[in-house]
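Student: got a predicted structure here, sequence first:
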Amino acid sequence: MEKDTTVEKLDFKKILPIFVIVLVDLLGLTIIIPLLPLYATSFGADPFTIGLLGAAYPALQFIGAPLLGRLSDRYGRKPVLVVSQIGTLAGFLLLGVANTLWLLFVSRLIDGISGANIATAQAAISDSTTEESRTQGLGLIGAAFGLGFIIGPVIAFVSLALSGNNYHVPAFVAAGFSLLSILLTAFWFEETLPAGKRRTAQEGKEDGVFSFRRMAAAVTHPAVGILVLLMFAQQLAFGGFEQLLSLFTLNRLGLNASGNAIVFVFVGIIVVAVQGGLIGRWSRAYGDRRLVYAGLGLLAVGLLLSAFTPRQAVPWYDRQELEGELTEQRTAGTIPGETPVTQEIAIEIPEEDNSGWAGLVWLLVAMIPVAIGGGILQPAINSLITKRVDAHEIGGMLGVSAAFLSGANALAPLLGGALFDALGARAPFIAWGVLMAFLLGTALRLVRPGREEQAGRGLARGSAGGH
């Protein structure tokens, strides 16, 4: 009886190094996320071009994640983590010296092709947990992301304040955190996949080739195919929301990079509360399947509410000051004596004659169900996947899951940017909210109880018999 209770508990000492490494690695990313759309705007990029920039990282990650996920099954988690983190460092350094829009694109492509960090870390979590504690363990990856969304934007806010809103400085700070994550992985992280449990060369002979056949095999997998599709589809909405949020708040509220950093902090606090503690309790009480339903429903409500945020500038808004901040970035890289670039800002920003708190308060309230729903979905879906496949498939299947996630992240800003350009700022958020409502109906029909719930009922009966 006491033994069963112990199995359900997460071994935090074993998970701590993975959590810290992921957190430090994500700090670099979360420093950049609120800033990147405005960085591109400063070079005169329109919403669709900014969507292309947002798609660059996940498009390359889509190719790299399943490959590196399977390589981690064959060679271990540690070397794959180190290699991917070195690519991230190179991408941030290039971002820091970028003085043209094409260099922004190159920096994100470099980071993207090596961006399998999270999929490999998820595999390391799965190596270190039992089925009973896996949802909570994977939730800690999300909690690290949430903490990153608190600490990273704060670091961005401080570095922007100290540098006079120089967008290059946060990129170099992000590179510093990336270097720290490499050192932590090299000297603290202990391999979680022993040599005896790794895939053999024969089993992994196709690992060096990216294949859409593997993606198709995951979709048609009888136990988890619908979950992989759900991961892709929900991320079209949530990933698009994340990538276009800064443009949306620029257009609706007149928020600059520092203001957007604070909005991301708000989201991060909620995600940390959900994934750092609540999701483990909810998973044990309701099961991962019901958490998937709840996450989809909350996202549908939150995204539709966000779409109808009133267009009202924040009380401290100064149109001339915001235009000056954006213009300053694109003149920062010019040679002394050279004529600065003069392209106009392609995103419409508010006038000063309508300012107040209503727009900001509305958006922050709408983002509560968005953050809770987004915080629930990824760990719940990934946990279900790991519980419905064989142990030797976990790393590869999580890699495929991450690839579908990256594919959605690549497609979402393209679709969202096109909708933003053609129909206005509200259009992508309405479309994503409707998509989430449709996904909820689909999940209710197709995501049925699996072997993990049968095992849970068996354990419960055994515990009752022990009494």
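Tutor: Sure thing, it's come through. Because the structure is a prediction, the values reported are computed rather than measured.
Student: what's the span of stretch 111-119 from first residue to last?
Tutor: Criterion CA to CA, to the nearest Å; first-to-last residue distance in stretch 111-119 is 15 Å.
Student: now do the contacts for Leu227.
Tutor: Ile381, Leu384, Ile385, Arg388, Val447 (CB atoms under 8 Å, 6 or more residues apart in numbering). Bear in mind the C-beta positions are built from the backbone N, C-alpha and C, glycine included.
Student: how far off centre is whichever strand or helix holds Phe177?
Tutor: Per DSSP states H and E: Phe177 is located in helix 168-187. Using CA atoms, centre = their mean, to the nearest Å, the mean C-alpha position of helix 168-187 is found 18 Å from that of the whole chain.
Student: residues of that helix that come out buried?
Tutor: Of the residues in helix 168-187, 168-175, 177-182, 184-185 count as buried by neighbour count, 16 or more other CB atoms under 10 Å.
Student: returning to what we had before: let's see which of the contacts of Leu227 end up in helices.
Tutor: Among those, the members falling in helices (DSSP state H) are Ile381, Leu384, Ile385.
Student: for the protein, longest helix please?
Tutor: helix 131-162.
Student: chain center to that one, what's the gap?
Tutor: 10 Å.
Student: ok so, going back, considering the contacts of Leu227, which member attains the minimum pLDDT?
Tutor: Lowest pLDDT within the contacts of Leu227 is found at Arg388 (76).
Student: excluding its backbone neighbours, what's nearest that one?
Tutor: Ala223 (4.1 Å; CB to CB, 6 or more residues apart in numbering).
Student: the one you found: which element?
Tutor: If you go by DSSP H and E, Ala223 is not part of any helix or strand.
Student: and it, how many neighbours?
Tutor: When counting by other CB atoms under 10 Å, one arrives at 16 neighbours for Ala223.
Student: repeat for Val106
Tutor: Counted with other CB under 10 Å, Val106 comes out at 15.
Student: the helix or strand hosting it - contacts with which helices or strands?
Tutor: Using DSSP H and E, Val106 falls within helix 101-113. Contacting helix 101-113 under the criterion 3 or more CB pairs under 8 Å, 6 or more residues apart in numbering; DSSP states H and E are the following elements: helix 36-41, helix 47-75, helix 77-97.
Student: can you say which of these is nearest to Lys14?
Tutor: Ranking the helices and strands packed on helix 101-113 by their distance to Lys14 (criterion: CB to CB) puts helix 77-97 first, at 13.1 Å.
Student: now for Ala195: which residues touch it?
Tutor: Contact analysis of Ala195 by CB under 8 Å, 6+ apart lists Gly76.
Student: and it, how far is that from Ala123?
Tutor: Here Ala195 is placed at a distance of 15 Å from Ala123 (CB to CB, to the nearest Å).
Student: about what we covered before: list the contacts of the helix holding Val106.
Tutor: With contacts defined as CB under 8 Å, 6+ apart, helix 101-113 is touched by 36, 39-40, 43-45, 49, 52-53, 56-61, 63-64, 87-88, 90-92, 94-95, 97-98, 406.
Student: residues of that helix that come out buried?
Tutor: Leu101, Leu104, Phe105, Ser107, Arg108, Leu109, Ile110, Asp111, Gly112, Ile113.
Student: contacts for the helix or strand just after it, please.
Tutor: Using DSSP H and E, the helix or strand that follows helix 101-113 in sequence is helix 117-127. Helix 117-127 is contacted from outside by 15, 18, 21-22, 25, 65, 68-69, 72-73, 77, 80-81, 84-85, 88, 134, 137-138, 140-141, 192-193, 382, 386, 394-395, 398-399, 401-403, using CB under 8 Å, 6+ apart.
Student: angle of the host helix or strand of Leu245 against helix 47-75?
Tutor: According to DSSP H and E, Leu245 maps onto helix 225-253. Per axes from the mean of the first three to the mean of the last three CA atoms, to 10 degrees, the angle that helix 225-253 makes with helix 47-75 is 140 degrees.
Student: understood, closing this out.
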